[in-house]
Every structure is written in structure tokens, then in C-alpha cells.
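Q: Take this sequence and fold it.
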Amino acid sequence: MTKVLFVDDEALLALGAEMSLRDQGYDVEIAFDGEEALRKALVFTPDIVVTDFMMPKLDGAGLARALLGNRIKAPIVLVTAVPEADLSHETRTLFAAFLQKPLGDDELISCVATLFGR
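A: Residues are numbered from 1 along each chain as shown. Model prediction:
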């Protein structure tokens, strides 16, 4: 079963994404900030990480760097209200895909499925 770690400080968004992904057959863990996500990733070993950009404690780019530094090679999807073009080149290179907020369930499911060829 494909394991997805979904990270967002907006609890309703995270819980909704968890339910939608579980309904599609994914094994899902959620975290509400980057530090919690890193701790969970080291144990859960996700196949994909979907993370918000602006979060307390550790933002999405910091989380991506920390995951790579801990040799977690799962593709990382950035979810943000910031237009992709406004992100630095260095930040854009950390992510396999980008999703715009507000995030719809169909967009999330499609992105995750595409990354795994489902």
C-alpha cells in the first residue's frame, strides 16, 4: 500500500485530505507542522510527502531539505497559495510537483496517482 504523509497547519484541510486519500486506498499519516512531519517521516517512511509551504516551526522548503538530509527520497509535493513562479529556483527544485490552494480533493488525488502511475 502506498504511504502518503500529508502536512498542513490547517487542521480541516489535513483531516479532509487524509479522508480523501484513505478512500482511494492510500495509507495516510498527517502532521500539522514541519517538525512533526519530519519526526513522523523517519518512522512512517512515506512513499510521497504532500506539504504546505507556510507553516510554523519548519516550513515546506525546510521540511524538504530535512527529508533529503535524512535520506528520505520520497517525491515531495508542495501545496501553496504562493504562485510557483514567485518561488526561488532553489525552492522549486526541491519539489516533484506543485498544487495551488485552495486545494480540491480531485487535484490532490490526481497528483498523487500521477506520481505513482495509478
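Q: C-alpha only now, for contacts and for neighbours.
A: OK.
Q: Same question for stretch 84-95: list its buried residues.
A: Of the residues in stretch 84-95, those scored as buried under the neighbour-count criterion (16 or more other CA atoms under 10 Å) are 84, 92, 94-95.
Q: Quick one: distance of that stretch to the chain centre.
A: 15 Å (CA atoms, centre = their mean, to the nearest Å).
Q: Quick check: end-to-end length of it?
A: Criterion CA to CA, to the nearest Å; first-to-last residue distance in stretch 84-95 is 11 Å.
Q: quick one: which of the buried residues of stretch 84-95 is nearest to Lys101?
A: The shortest approach to Lys101 among those belongs to Glu84, at 11.4 Å (CA to CA).
Q: Which of the buried residues of stretch 84-95 fall in helices?
A: Secondary structure of the buried residues of stretch 84-95 is defined by DSSP state H; positions in helices are Arg92.
Q: Just send the buried residues of stretch 84-95 back as TSV, with distance to Asp23 and pLDDT too.
A: Formatted as TSV, the buried residues of stretch 84-95 follow (distance: CA to CA, whole Å; pLDDT from 0 to 100):
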residue	distance to Asp23	pLDDT
Glu84	29	83
Arg92	30	92
Leu94	28	95
Phe95	25	96
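Q: Asp59 and Phe53 touch, don't they?
A: Yes. Here Asp59 reaches Phe53: they are 5.6 Å apart, a contact under CA atoms under 8 Å.
Q: where along the protein do the strands fall?
A: Listed in chain order, the strands of the chain (DSSP state E) span 3-7, 27-31, 48-52, 76-80, 97-100.
Q: which residues are contacting the last one?
A: By that I understand strand 97-100. 76-84, 107-108, 111 (CA atoms under 8 Å, 6 or more residues apart in numbering).
Q: ok, back up a step: greatest separation within the buried residues of stretch 84-95: which pair is it?
A: Glu84 and Leu94, at 12.3 Å, using CA to CA across the buried residues of stretch 84-95.
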